[in-house]
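# My questions are about this predicted structure, shown below with the sequence.
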Amino acid sequence: MTEKRVPIGEAYAVLGTTPPPEVNPWYNALRQLDKAAEAMNLDSSYHKILATPKRVLEVQIPVRMDDGSIEVFLGWRVQHNDARGPCKGGIRYHPGVHRDEVKALAMWMTWKTAVVDIPYGGAKGGIKVDPHALSQGELERLTRRYAFMISPIIGVNRDIPAPDVYTGPREMAWIMDTYSQIVGYPEPGVVTGKPLEVGGSEGRNEATARGLQYTVEEAIRVLNIDPKRATAAVQGYGNAGYFAAKFMHELGMKVVAVSDSKGGIYNPDGLDPDAVLAHKQKSDDKSVRDFPGATNLDKDAKAANAKLLELDVDVLIPAAIENVITKDNADRIKAKLIAEAANGPTTPEADDILHEKGVLMIPDILANAGGVTVSYFEWVQARYREWWDLETVRNKLRAKMTRAFRDVYSLHEEKKIDMRTAALWLAIDRVVSAMKWRGIWP
Ligand code: GLU
């Protein structure tokens, strides 16, 4: 009997394609840029340059699977802009990754590094893969082959990757090693978010949420919210979500709801973030769902996540993926403050609705910039081969985040524009100034 052939060509034809504008983060990133450009009356020459990434690399990643077969994955590295310094940004492993998403995330990195004023441009990487379906060996081969494929365009002075969704210190160590084998010497500065033993930094793991905490502290002061009487809800319970819940709890807030891709939980008296993490880690499906002492927000994971966003809380922290706050639910959001730990969780239409409603938004490019800021600290330490203690890292991070929040907040007040547009204005201004000084060559 002849084996039925799988139409591989057809399957791969759709692999790299991008979704329609309504659900495409690149369109959202461009619309945000247009809005800021309009507000600040940006020179159209620079607007055009910023509306396109500097370089997009698409790579094929063949991986020998444990059963001996070969699987081929698609990956990208996008460098959006390097006017202010080497490109910088994480690498995402997710089944939903596509080229346009990586382009959007790279553009957001350009703004992020400019908002906190660290000497970098913006980049992002991604592989379309479900990492949970791979063994550790397969993941290592995938990561090393991807690192090899992008090695011509990364480097300590060119482009420095870091963790993002479903990647962490382990993957960064593999990338550091692969790159070091290629160049022939250990290069800890080529990637950040590494384990401490190979040139990582104290405080990098908690950095995204720690930076978010510092901006929330500033925001609740201007909003006159007493953290000891405040409630919070966190969507997503990965690195950023867990630490964000923990730090809001440390500030004295009641974290009444958290969720992940499998479900969400609610307790009006507050959840203990560490106990929830322990439950998630030991549960069969690695979920916060069915946490003892809390009720499940819904049987269906999607519905649970949707309900979490609309809870009557003071502080809402989306810490998962893009496009969760849209024109369809923005009107029902009750939080007074939104702090975006995720990249791109709010669509431009939803931004307008929330601004109208008077919700204070700490946009992603400010709220979650603590991650890349401590990445910068790690890069500096790696280059000097000199290591700082946790207190030094936290103090330096607090100074950066507080300064950035105040800069953005003042512009938002002064120009009567929403916080995202203010953050973009500040960032674009810095990037364009650098571009003007450098000029165009050749
Ligand atoms: N992936 C993180 C972000 O979106 C960190 C990037 C970095 O440290 O370079 O900001």
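In hand now; what should we look at?
# only C-alpha atoms for contact and neighbour calcs from this point on.
Noted.
# Who does the strand ranked longest in the chain pair with, and is each partner parallel or antiparallel?
As assigned by DSSP state E, the longest strand anywhere in the chain is strand 70-81. Here strand 70-81 is paired, per DSSP bridges, with strand 55-64 (antiparallel), strand 122-128 (antiparallel).
# closest to the ligand out of these?
The ligand sits nearest to strand 122-128 of all the strands paired with strand 70-81, at 7.9 Å, using CA to the nearest ligand atom.
# Just the C-alphas of that closest one, formatted as PDB.
Taking Å, rounded to 0.1, in the frame of the first residue of the first chain, the C-alpha atoms of strand 122-128 are listed here in PDB:
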ATOM      1  CA  GLY A 122      15.000  48.000  18.900                       C
ATOM      2  CA  ALA A 123      14.900  44.400  17.700                       C
ATOM      3  CA  LYS A 124      12.900  41.200  18.200                       C
ATOM      4  CA  GLY A 125      13.200  37.600  17.400                       C
ATOM      5  CA  GLY A 126      10.600  34.800  17.200                       C
ATOM      6  CA  ILE A 127      10.200  31.200  16.300                       C
ATOM      7  CA  LYS A 128       6.800  29.800  15.300                       C
END
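# CA atoms of the helix or strand just after it as PDB?
From strand 122-128 onward toward the C-terminus, using DSSP states H and E, the following helix or strand is helix 136-150. Below are the C-alpha coordinates for helix 136-150, written out as PDB (Å, rounded to 0.1, in the frame of the first residue of the first chain):
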ATOM      1  CA  GLN A 136      14.600  19.500  26.200                       C
ATOM      2  CA  GLY A 137      17.000  18.100  23.600                       C
ATOM      3  CA  GLU A 138      14.800  19.200  20.700                       C
ATOM      4  CA  LEU A 139      14.500  22.700  22.200                       C
ATOM      5  CA  GLU A 140      18.300  22.900  22.600                       C
ATOM      6  CA  ARG A 141      18.800  21.900  18.900                       C
ATOM      7  CA  LEU A 142      16.100  24.400  17.800                       C
ATOM      8  CA  THR A 143      17.700  27.200  19.800                       C
ATOM      9  CA  ARG A 144      21.200  26.500  18.700                       C
ATOM     10  CA  ARG A 145      20.300  26.300  15.000                       C
ATOM     11  CA  TYR A 146      18.300  29.500  15.200                       C
ATOM     12  CA  ALA A 147      21.200  31.200  17.000                       C
ATOM     13  CA  PHE A 148      23.500  30.000  14.200                       C
ATOM     14  CA  MET A 149      21.100  31.200  11.500                       C
ATOM     15  CA  ILE A 150      20.900  34.700  13.000                       C
END
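# Would you mind measuring from His249 to the ligand?
Applying CA to the nearest ligand atom, to the nearest Å, the value for His249 to the ligand is 23 Å.
# So that residue, which state does it fall into?
With DSSP: H, G, I helix; E, B strand; the rest coil as the basis, the three-state label of His249 is helix.
# How about the residues of the protein by the ligand?
88-90, 161-164, 369, 371-372, 375 (CA under 6 Å from any ligand atom).
# try 5 Å this time
88-90, 162, 164, 371-372, 375 (CA under 5 Å from any ligand atom).
# Show me what counts as buried in the strand or helix carrying Met401.
Per DSSP H and E, Met401 falls inside helix 390-415. Judged by neighbour count (16 or more other CA atoms under 10 Å), helix 390-415 contains these buried residues: 393-394, 397-398, 400-405, 407-409, 411-412.
# about what we covered before: would you mind finding the most buried of the strands paired with strand 70-81?
Ranked by mean neighbour count, the strands paired with strand 70-81 are led by strand 122-128 with a mean of 29 (mean count of other CA atoms under 10 Å).
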